[in-house]
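J.: Okay, here's the prediction I keep looking at, along with the sequence it came from:
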Amino acid sequence: MKRLLIASVVAGATLLLTAACGGDDKKADDKKDAPAAAASTVASGAPAGSGQPSGSASAKASGAAGKGLQYQTVAKLTGDLFTKDPLCPVGQWDTNSTGVPSKYRSAVANFKQFDCYKKKGDFMPSRGQQAIFVEFKAANAAKAYAQDEAKMYPTLIVGNTVVVAGTGLENTDMKAYLEAVNETVGGAGEILAKA
């Protein structure tokens, strides 16, 4: 079974890399994420963070409970929910080293931001950073960052991982979004929001 799964992941990654090299305007970062996306595709049946609605706005706690917050899970849930909002017809996860305040950058292990575009192929997002996924090297840095961000935006902290919800999507309940993300880890996280 493991060999079949590994072979499927390799085949999926090869297809994704081949498609990305076929004249598409994908960034180099997307190519680096292809193996993770392929693994998610095999496990879920849909590309992680594809931004395409699947009809499911919430995630169910499953075998992920107790394993910590995973980017692939957050990416899929975010894309599925946010692209249902008329203000975010096309969504895309990107890396951006300036997405975290400079005082926290050295403590970041992984950073991704979800941007909204009016149409596919647009160079500039119409709404940037509608969700932020940050994995820190240590839980104390994650907590300090989450508390700072919660002064303006709702945040979810799970161990050394933080998800920040933007406020630009008027038809999307960001607190409910963070609750759905928290469900994927069995409710192990804490949602912080300004009073």
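T.: Here it is on my side, so go on.

J.: Quick check: closest non-adjacent residue to residue 193.
T.: residue 154 (4.3 Å; Cβ to Cβ, 6 or more residues apart in numbering). Yep, even glycine has a C-beta here, placed from its N, CA and C like the rest.

J.: can you pull the contacts of that neighbour?
T.: Residues near residue 154 by Cβ atoms under 8 Å, 6 or more residues apart in numbering: 164, 165, 174, 175, 178, 191, 192, 193.

J.: pLDDT score for it?
T.: We have a pLDDT of 95 for residue 154.

J.: Would you report the backbone torsion angles of it?
T.: For residue 154, the backbone dihedrals are phi -70, psi 140 (criterion: degrees, to the nearest 10).

J.: Next, work out how far apart it and residue 173 are.
T.: Remark: distance between residue 154 and residue 173 (Cβ to Cβ, to the nearest Å) = 10 Å.

J.: Check which helix or strand residue 78 maps to.
T.: helix 71-82 (DSSP states H and E).

J.: So the chain: which segments form each domain?
T.: Here the domain parsing of the chain from automatic domain parsing is 1-45, 48-192.

J.: By mean pLDDT, show me the worst of these.
T.: domain 1-45 (a mean of 35).

J.: ok, the nearest residue to residue 165 once chain neighbours are set aside - contacts?
T.: Closest residue to residue 165 apart from its sequence neighbours, by Cβ to Cβ, 6+ apart: residue 174 at 3.8 Å. Contacts for residue 174 were tallied using Cβ under 8 Å, 6+ apart; they are 153, 154, 165, 166, 167.

J.: for stretch 80-90, which positions count as buried?
T.: 80, 81, 82, 83, 84, 85, 88, 89, 90 (16 or more other Cβ atoms under 10 Å).
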